[in-house]
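1. my questions concern the predicted model and sequence given below.
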Amino acid sequence: MSANELLLLGLLEQQDMHGYRLHEFLEHQLHFVTDLKRPTAYRLLEQMYRRGLVEREAERAGRRPERMVYHITPAGRAHFEKLLREHLASAERVYHSGNVALLFLERVPEDERARLLRRRLRGFEEQRSVLAGIVEAHPEGSSVRLALEHDLAHLDREITWLEETIERLEEKESQ
């Protein structure tokens, strides 16, 4: 199950796009949903082209260089619908890269642990503040708002966990 494939097909299902515009949209409008990089997006588009999920045609506007415009095919729409249903029903295990550092927390002196986690907490609080503003910019009940609220709920829980953990570490430190 490829979330990146689902994302690209979903965007192309809404509108034909050339690769650069697709990348710009991902980077500036959907950066909160994906960290899909340009080379990966182009590689996926090429793979989907070979599989018949998208078509492409060369387009030239004025003196600009030729560019490939991608269109979703009927097979691509069917695949998109299948992926969409699979992902909506999926309960995939989420792995948090920050947990790797937590595995080795004991390697950091006790008096430094809470301080480092406070820095992490401030980072998540900043992310939450930015995301909350973005959430408010979308209509209640919209798909985009639901995705953002989902991320906001995860941030809220992360912040709560960090606050509780820092408190426990500081209590232990003071004993």
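-> Nice, thanks for sending it over.

2. stretch 26-44 - what's its average pLDDT?
-> Model confidence over stretch 26-44 averages 81 on the pLDDT scale.

3. buried residues in it?
-> By neighbour count with 16 or more other CB atoms under 10 Å, stretch 26-44 contains the buried residues 26, 32, 36, 41, 44. Where you see a C-beta, it was placed from the backbone N, CA and C, and this is true even at glycine.

4. what about the fourth one, distance to residue 14?
-> Plainly put, residue 41 is 16 Å away from residue 14 if you go by CB to CB, to the nearest Å.

5. go on, the third one?
-> Distance, residue 36 to residue 14, by CB to CB: 16 Å.

6. beyond the lowest-mean-pLDDT helix or strand in the chain, next helix or strand please.
-> Least confident helix or strand of the chain, by mean pLDDT, DSSP states H and E, is helix 19-29 with a mean of 78. Past helix 19-29, further along toward the C-terminus, the next helix or strand under DSSP states H and E is helix 38-50.

7. next SSE downstream of that next one?
-> Helices and strands here follow DSSP H and E; after helix 38-50, the next one along the chain is strand 54-59.

8. contacts for the next helix or strand after that next one?
-> Read in the C-terminal direction, the helix or strand following strand 54-59 is strand 67-72, with elements assigned using DSSP H and E. Strand 67-72 is touched from outside by 9, 12-13, 16-20, 22, 45, 49, 53-60, 80, with contacts defined as CB atoms under 8 Å, 6 or more residues apart in numbering.

9. could you list the domains of the chain?
-> Under the assignment named as automatic domain parsing, the residue ranges that make up the domains of the chain are 3-89, 98-174.

10. highest mean neighbour count out of those domains?
-> Counting by mean count of other CB atoms under 10 Å, domain 3-89 has the highest mean neighbour count of these, with a mean of 15.

11. which stretch in the domains of the chain has the least confidence?
-> Across the domains of the chain, domain 3-89 has the smallest mean pLDDT, namely a mean of 88.
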